[in-house]
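Engineer: Quick one, structure for this:
(2 chains)
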Amino acid sequence: MGSLRKKLREIKEYSEVAEIGEIARRYFAMNAFDGVLTIIGVLMGHLSARIDDASVVITTGFSTSVAMGISGLWGAYLTESAERKRSLDELENHTLTDLSETRIGRASRFAVVIVALVDGLSPFLASAVVLLPMMFSFYVGGIMRAYYVSLGLALVTLFALGAYLGTISKENLVLSGVKMLIAGLFAMALGRVM
Amino acid sequence: MGKIRRLVLDVLKPLDPNIIELSRILSELPGVDAVNISIFEIDRKVENAKITVEGSDINYELVLRAIEDEGGTVHSIDEAVAGKIIIDDAQTPQDYLG
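Structural biologist: Below you'll find the predicted structure:
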C-alpha cells in the first residue's frame, strides 16, 4: 500500500513538472471530437447507401475506430517525444549537464506515454460508444432505428464534450455544448446530401 | 567522525522546480534541520542559487543527489561547518584589504 501511495505521489509530481494535465485535456477533447465526427461520417455513408446489415456497419466502424486509435497513439508518441527531447536538449545547453536521469527527464518520458495513450484511446473510445447501439440493434428495434440511436448518441457525446470544455474555460456549459453539436449536425446534413 | 553541521553551496538549477519545492525536498533529507535558498541571478531557463543547509548530521552525498535529481549542478561548496556547534569564519585584518 505504501509503495502504491509513493507511486501515485510520483505520478502527481511528474504531471506537475511536465504539465501533462493541460496537454492531455487538449488532446482528449480534440481527438474524441475527431472520433465522433468520423463515426458520424461512417454511419451517414452506410445509411445513405441503405446498408441494412448491422455487422457491416460494426466492422467498418470498429476498423475505423482502431485505425484512429493507432494513428493517435503513434502520431502523439512520435511528435511528443520529439518536442520533449528538444525542450530537454535546450535546457541541457543551459545547465551543461545530462538531465535524462533527473526528475525532469523522467517526467518528460512519462508525459510522452500518457499523452500518446490519451491521444490513442480518446478517438477509439468516443467512436466505440457511438457504435454501441449498432451492436445491440436487435434490442433497439432493428438496424434503421439503431442508425438514429447511434447518431443521437453521437450528438449527445458532442454536447457532453462541449460542456466539458465549457467547465475548463468557465464558459456557459449549454452554449459550449451547442457549439460542438453544430459540427455534428453539419456533418450529418452533408452526409445526407451526398 | 565529525558531523557536518552547515553547507553553503553555489548551485545552477533549472527554473522548474522552483526554490520552494527544492527547499522542501532538501529539508526532508535525514540530518537536515533547515534549508535556506536565495537566488542571486536568473535568466530565461536557469537560475543561480545560494543553498544553505543546516542540520545535526548532513550527508553531503544525499544533498548532492537530491540537487542533481532536480536538474541542478553544484558549482562550488562555499562553506562547510563541522563539529559539535556551528561557528562562523573568524575575522582577520586581511578581510579588510582591497
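
Engineer: tell me the centre residue of chain A?
Structural biologist: When Cα atoms, centre = their mean is applied to chain A, the residue found nearest the centroid is A:Ser122 (2.4 Å).

Engineer: so who does that one touch?
Structural biologist: A:Tyr27, A:Phe28, A:Asn31, A:Ala32, A:Gly35, A:Gly72 (Cβ atoms under 8 Å, 6 or more residues apart in numbering or on different chains). To be clear about C-beta, it is placed using only N, CA and C from the backbone, and glycine gets the same treatment.

Engineer: Which positions in the strand or helix carrying it come out as buried?
Structural biologist: A:Ser122 is part of helix A:103-135, with elements assigned from DSSP states H and E. By neighbour count with 16 or more other Cβ atoms under 10 Å in any protein chain shown, helix A:103-135 contains the buried residues A:103-108, A:110-112, A:114-131, A:133-135.

Engineer: quick one: contacts of stretch A:171-180?
Structural biologist: For stretch A:171-180, the external contacting residues (Cβ under 8 Å, 6+ apart) are A:Phe33, A:Leu158, A:Phe159, A:Ala160, A:Leu161, A:Gly162, A:Ala163, A:Leu165, A:Gly166, A:Thr167, A:Ser169.

Engineer: circling back: if we only consider the contacts of A:Ser122, which is nearest to chain B?
Structural biologist: When the contacts of A:Ser122 are compared for distance to chain B (Cβ to the nearest Cβ), A:Tyr27 wins out at 21.6 Å.

Engineer: Make sure the closest one is indeed in a helix.
Structural biologist: Yes: according to DSSP: H, G, I helix; E, B strand; the rest coil, the state of A:Tyr27 is that of a helix.

Engineer: If I follow the layout properly, it ends up in contact with A:Val118?
Structural biologist: Yes: taking Cβ atoms under 8 Å as the definition, A:Tyr27 is a contact partner of A:Val118 at 5.1 Å.
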